[in-house]
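Undergrad: Return a 3D structure for these sequence lines:
(one chain, ligands or ions: 1)
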Amino acid sequence: MTQQRKHKIGASDLPAIMELEPYHCKRRKWFEVAGVKPEFEISDTFHTLRGKRLESIAADYFSEITGFKLLKVPPRQHPKYPFIGASPDRKILHPDKKRFPGLLEIKIPGQWHFKKIQQQGIPESWQVQVLFGMYITKWEWSYIAVFWADGWEMKYEPIEKDPDRMKDLQEIALDFWISVEKKQIPDAEATAVKCKSCPFKETCFKIGVEIKEKGEEKILTPSVPLVQKPALETKVQRFIELRNLKNEIEENLQQLRDEIKELYPTDYGEVIQLPKARVMYRKYQREQLNSKALKEQAPEIYSKFVYLKNIEDLRIYEIW
Ligand code: SF4
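TA: Modelled structure (predicted):
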């Protein structure tokens with residue numbers, strides 16, 4: 001099954017090896033590192049293209065707002081374990097030239113992901129990449145810069161050196177490498193979300209995976225055909241991005257609705273006038289038809305009022 005190994009283990013592989021969201025399949029990473037032939041080639045999505053094409057622009061912007069000088073550097077490998085390495089996006093030169101340089105990791109997400117990071121902070125998977133990069137390069141400090149190109153906004157944060165954690169990451173990388181050398185394939189848990197687009201699915205399923213259940217229903221759908229159509233993929237990804245944004249806006253609106261209801265001065269009645277808005281808040285009951293009960297208890301009446309309507313059903317599930 002395995003061919004010549006293609007890969008070293010790089011900083012960006014660590015999150016998958018650790019099964020951190022959203023890169024969460026250690027077995028898939030094992031197949032990649034072990035050089036197992038994929039069942040199809042994965043083409044660039046607009047997310048990956050955006051990251052590649054805008055990296056230099058984000059680096060320049062980081063330099064402009066922080067005043068740091070940056071350098072492009074080639075990938076590094078560990079002096080003792082050449083099969084582990086890192087490809088820092090940029091080296092940051094310390095203003096005091098006698099001091100060690102720092103590492104810059106650049107991320108360029110879409111709007112929804114950027115807003116999520118602003119609210120919830122830098123994800124652990126990215127912090128792990130940076131720490132492993134610092135461990136390989138021996139650079140003493142680092143920044144992660146998250147750039148949202150459409151809004152021309154950048155969030156950047158230092159990631160503090162953490163020698164204990166970096167040592168743990170080294171152990172994780174070495175153990176993983178040993179499992180590749182010894183051909184010990186990691187256990188895996190299959191889920192519809194993570195397996196649908198996996199280029200090693202047939203190989204993986206032949207070996208056997210634990211299938212994650214959802215209630216009574218098995219949620220794995222391994223027989224769904226994979227379609228590679230870049231124009232469709234772009235539209236679907238754009239749809240997902242906007243839907244995520246809409247969901248976030250709806251959550252915010254709901255929270256505001258609840259807060260407004262709490263502040264509402266009910267002693268003024270149902271309608272009030274604010275300087276720049278009119279607001280109405282009332283609680284009331286209205287009749288609703290229980291069509292399920294009607295169908296069960298009076299099917300002859302139900303059938304007189306029911307009619308067939310043409311339905312178009314488009315469902316899009318996000319997968320990583
Ligand atoms: S099919 Fe699923 S469980 Fe198997 S390697 Fe791929 S992502 Fe992992």
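Undergrad: could you say what helices and strands the helix or strand that contains Glu251 packs with?
TA: Using DSSP states H and E, Glu251 sits in helix 230-263. If you count contacts as 3 or more Cβ pairs under 8 Å, 6 or more residues apart in numbering; DSSP states H and E, helix 230-263 packs onto helix 46-66, helix 111-120. C-beta: built from backbone N, CA, C; applies to glycine.
Undergrad: swap the cut-off to 6 Å and go again
TA: With contacts taken as 3 or more Cβ pairs under 6 Å, 6 or more residues apart in numbering; DSSP states H and E, helix 230-263 sits against helix 111-120.
Undergrad: what about whichever residue of the stretch 201-320 of the chain sits closest to the ligand, is that helix, strand or coil?
TA: Using Cβ to the nearest ligand atom, Cys204 is the residue of the stretch 201-320 of the chain that sits closest to the ligand, at 3.1 Å. Judged by DSSP: H, G, I helix; E, B strand; the rest coil, the three-state class of Cys204 is helix.
Undergrad: For it, grab the count of nearby residues.
TA: By other Cβ atoms under 10 Å, 23 other residues sit near Cys204.
Undergrad: try Pro101
TA: 23.
Undergrad: contacting residues for it?
TA: Lys91, Ile92, Leu93, His94, Trp139 (Cβ atoms under 6 Å, 6 or more residues apart in numbering).
Undergrad: How much space separates the fourth one from the ligand?
TA: Yep, that's His94 we're talking about. 41 Å (Cβ to the nearest ligand atom, to the nearest Å).
Undergrad: Show me the shaky parts of this protein.
TA: 1-7, 23, 192, 211-226, 318-320 (pLDDT under 70).
Undergrad: what's in contact with stretch 255-270?
TA: By Cβ under 6 Å, 6+ apart, stretch 255-270 touches Met280, Tyr281, Arg282.
Undergrad: The first one contacts Ile272, doesn't it?
TA: The reference is to Met280. No - with contact defined as Cβ atoms under 6 Å, Met280 does not count as touching Ile272 (7.9 Å).
Undergrad: which one of these two has more residues nearby?
TA: Between Met280 and Ile272, counting by other Cβ under 10 Å, Ile272 is the more crowded of the two (14 against 9).
Undergrad: strand partners of the helix or strand hosting that one, parallel vs antiparallel please.
TA: Following DSSP H and E, one finds Ile272 within strand 271-274. As defined by DSSP bridges, the strand partners of strand 271-274 come to strand 277-280 (antiparallel).
Undergrad: downstream neighbour of the strand it pairs with in the secondary structure list?
TA: Assigned by DSSP H and E, the successor of strand 277-280 is helix 291-297.
Undergrad: before we move on, the earlier item: tell me which residues of the helix holding Glu251 come out buried.
TA: Neighbour counts over helix 230-263 (16 or more other Cβ atoms under 10 Å) mark Gln237, Ile240, Glu241, Asn244 as buried.
Undergrad: export these to JSON lines and tack on distance to the ligand?
TA: JSON lines is the format used below for the buried residues of helix 230-263 (distance: Cβ to the nearest ligand atom, whole Å):
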{"residue": "Gln237", "distance to the ligand": "19"}
{"residue": "Ile240", "distance to the ligand": "19"}
{"residue": "Glu241", "distance to the ligand": "23"}
{"residue": "Asn244", "distance to the ligand": "22"}
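Undergrad: from the residues you listed, which single one is nearest Ile122?
TA: Asn244 (18.5 Å; Cβ to Cβ).
Undergrad: which ones are touching the closest one?
TA: Asn244 touches Trp112, counting by Cβ under 6 Å, 6+ apart.
Undergrad: Spatially, what comes nearest to Ala58 if we skip its sequence neighbours?
TA: Phe147 (3.9 Å; Cβ to Cβ, 6 or more residues apart in numbering).
Undergrad: quick check: angle from the helix or strand containing the one you found to helix 111-120?
TA: Using DSSP H and E, Phe147 maps to strand 141-148. With axes from the mean of the first three to the mean of the last three Cα atoms, to 10 degrees defining the directions, strand 141-148 sits at 130 degrees from helix 111-120.
Undergrad: Distance from the chain centre to strand 141-148, please.
TA: 17 Å (Cα atoms, centre = their mean, to the nearest Å).
Undergrad: same check, this time on stretch 41-55
TA: On the basis of Cα atoms, centre = their mean, stretch 41-55 sits 14 Å off its chain's mean C-alpha point.
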